[in-house]
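Asker: no FASTA, just this:
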Ligand code: GFB
């Protein structure tokens with residue numbers, strides 16, 4: 001990949017796509033092709049084909065997808081399977097037709113079986129039943145991997161698939177009903193702090209910026225009843241499930257590293273055309289909640305809402321393949337949470353709490 005190569009980042013406004021765009025810009029790549037979903041609807045095959053024929057990108061990062069946390073996956077299964085299959089099918093096929101030199105497809109660690117041996121190696125794909133809360137999303141992602149592998153085998157394309165662990169960072173979704181756990185915890189602890197400080201102006205601004213706060217959370221935080229002295233932060237599930245978290249800037253760095261240094265044909269020969277991307281360490285959700293509480297600086301109570309699903313008991317990736325290629329993450333979890341909290345407060349223009 002040359003500095004002036006035509007590089008298309010699908011989904012450049014999302015958590016992952018925006019991080020890849022930032023990294024490529026910082027590295028001096030000057031010819032990025034970017035389209036918002038309003039400008040190009042990736043679910044429409046004809047639009048995608050016309051766009052590829054016109055722009056002829058040489059490299060494609062596939063960061064466009066419908067994503068969400070455990071509740072969003074469980075509530076909107078049709079949207080998760082339809083949108084993802086449509087988007088990836090259009091992008092992969094148009095990349096083949098238009099001679100894209102290399103494509104990077106982003107999967108997810110939820111493609112591995114619910115009761116997968118830990119840490120999860122790439123070869124454990126399709127060795128057991130999936131986690132029900134995100135099966136439609138996982139099936140779509142598995143179809144994307146198989147599509148890349150099939151096009152490589154039949155047409156000699158250079159389409160790599162990477163499996164990131166749970167990600168977080170700038171431009172994440174902080175909506176409390178559809179987000180992943182880490183942005184949800186950051187926001188809930190921050191709202192709890194504002195509630196303690198009786199900062200109703202900042203609370204209103206936060207709601208306008210990041211989406212409305214559900215009634216049950218408002219009640220627990222004491223927003224609905226300001227006379228309560230100690231707001232409580234509700235953590236979904238038992239707090240027992242274990243997850244691995246990677247800052248999205250590390251993920252972007254790994255994706256660019258793989259785009260530059262790994263080729264699917266050579267990788268397939270050694271069964272390496274799927275590569276896990278993670279940090280190789282996990283922690284329990286309860287521990288994550290304690291760490292986030294510390295970083296945000298909230299001293300109130302934690303309560304566990306066991307009516308909400310736990311999901312997969314553990315998701316820890318085996319990252320030895322990526323390590324063996326010479327890549328390692330740089331951002332530790334505490335520092336990553338601190339940076340994300342800072343970003344969240346800056347982008348919400350919230351100066352109410354420090
Ligand atoms: O991040 P999360 O939604 O996704 O939830 P998954 C991880 C764990 O955190 C679950 C718990 O055990 C949740 O019950 N949790 C605790 C919370 N409090 C909260 C909260 O306030 N919000 C959320 N969202 N969770 C998703 C998949 O699974 O991970 C997707 O559904 C995708 O398909 C993504 O693979 C990476 O790790 O359970």
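Answerer: Received it, and whenever you're ready, just let me know what you need. All values reported here derive from a predicted model rather than from experimental measurement.
Asker: can you map out the strands along this protein?
Answerer: Assigned by DSSP state E, the strands in the chain fall at 7-10, 32-33, 59-62, 102-106, 159-164, 166-168, 232-236, 242-243, 245-247, 274-277, 283-284, 301-305, 314-315.
Asker: any low-confidence regions in the stretch 1-150 of the chain?
Answerer: Of all residues in the stretch 1-150 of the chain, none has pLDDT under 70.
Asker: Make CSV out of the strands of the chain and add distance to the ligand and mean neighbour count.
Answerer: (C-beta placed from N, C-alpha, C; glycine too.) Output for those, formatted as CSV (distance: least, C-beta to the nearest ligand atom, whole Å; neighbours: other C-beta atoms under 10 Å):
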stretch, distance to the ligand, mean neighbour count
strand 7-10, 18, 26
strand 32-33, 26, 18
strand 59-62, 16, 26
strand 102-106, 11, 25
strand 159-164, 8, 24
strand 166-168, 5, 22
strand 232-236, 3, 22
strand 242-243, 5, 19
strand 245-247, 9, 24
strand 274-277, 12, 25
strand 283-284, 10, 16
strand 301-305, 8, 15
strand 314-315, 6, 21
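Asker: Format the ones you listed as a markdown table; extra columns: distance to residue 331.
Answerer: Shown next, in a markdown table, are those (distance: least, C-beta to C-beta, whole Å):
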| stretch | distance to residue 331 |
| --- | --- |
| strand 7-10 | 21 |
| strand 32-33 | 23 |
| strand 59-62 | 20 |
| strand 102-106 | 19 |
| strand 159-164 | 14 |
| strand 166-168 | 10 |
| strand 232-236 | 24 |
| strand 242-243 | 16 |
| strand 245-247 | 4 |
| strand 274-277 | 13 |
| strand 283-284 | 15 |
| strand 301-305 | 25 |
| strand 314-315 | 19 |
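Asker: do you know which of those lies nearest residue 146?
Answerer: strand 159-164 (9.2 Å; C-beta to C-beta).
Asker: Partner strands of the closest one, with direction?
Answerer: Here strand 159-164 is paired, per DSSP bridges, with strand 102-106 (parallel), strand 274-277 (parallel).
Asker: What are the contacting residues of that strand?
Answerer: Contact partners of strand 159-164, identified using C-beta atoms under 8 Å, 6 or more residues apart in numbering, comprise 16, 92, 95, 102-109, 111, 122, 144-145, 148-149, 151-152, 246, 251, 254-255, 258-259, 262-264, 267, 273-278, 317.
Asker: Buried members of those into PyMOL, please.
Answerer: Selection of buried members from those for PyMOL, criterion 16 or more other C-beta atoms under 10 Å:
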select buried, resi 16+92+95+102+103+104+105+106+107+108+109+111+122+144+145+148+149+151+152+246+251+254+255+258+259+262+264+267+273+274+275+276+277+278+317
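Asker: check contacts around the residue in the stretch 251-354 of the chain that the ligand sits nearest to.
Answerer: Nearest residue of the stretch 251-354 of the chain to the ligand: residue 311, at 3.3 Å (C-beta to the nearest ligand atom). By C-beta under 8 Å, 6+ apart, the contact list for residue 311 reads 70, 131, 133-134, 237, 241.
Asker: same thing with residue 273?
Answerer: Contact analysis of residue 273 by C-beta under 8 Å, 6+ apart lists 148-149, 152, 160-161, 264, 267.
Asker: just to revisit the earlier point, go back to the contacts of residue 311 and keep what's next to the ligand.
Answerer: Among the contacts of residue 311, the ones lying near the ligand by C-beta under 6 Å from any ligand atom are 70, 133-134, 237, 241.
Asker: Which residues are in contact with the residue in the chain that the ligand sits nearest to?
Answerer: For the chain, the residue closest to the ligand is residue 69, as judged by C-beta to the nearest ligand atom, at 2.8 Å. By C-beta under 8 Å, 6+ apart, residue 69 lies in contact with 178-181, 184.
Asker: quick one: which two of those residues are the most distant?
Answerer: Farthest pair in the contacts of residue 69 (C-beta to C-beta) is 178 and 181. Separation: 12.0 Å.
Asker: Those two - which one has more neighbours?
Answerer: residue 181 (22 against 17; other C-beta atoms under 10 Å).
Asker: what about that one, distance to residue 248?
Answerer: Taking C-beta to C-beta, to the nearest Å as the criterion, residue 181 is separated from residue 248 by 15 Å.
Asker: Ok, residue 10 next?
Answerer: Per C-beta to C-beta, residue 10 is found 16 Å from residue 248.
Asker: Also residue 235?
Answerer: Counting by C-beta to C-beta, the gap from residue 235 to residue 248 is 22 Å.
Asker: Could you do residue 290 as well?
Answerer: As for residue 290, its distance to residue 248 is 23 Å (criterion: C-beta to C-beta).
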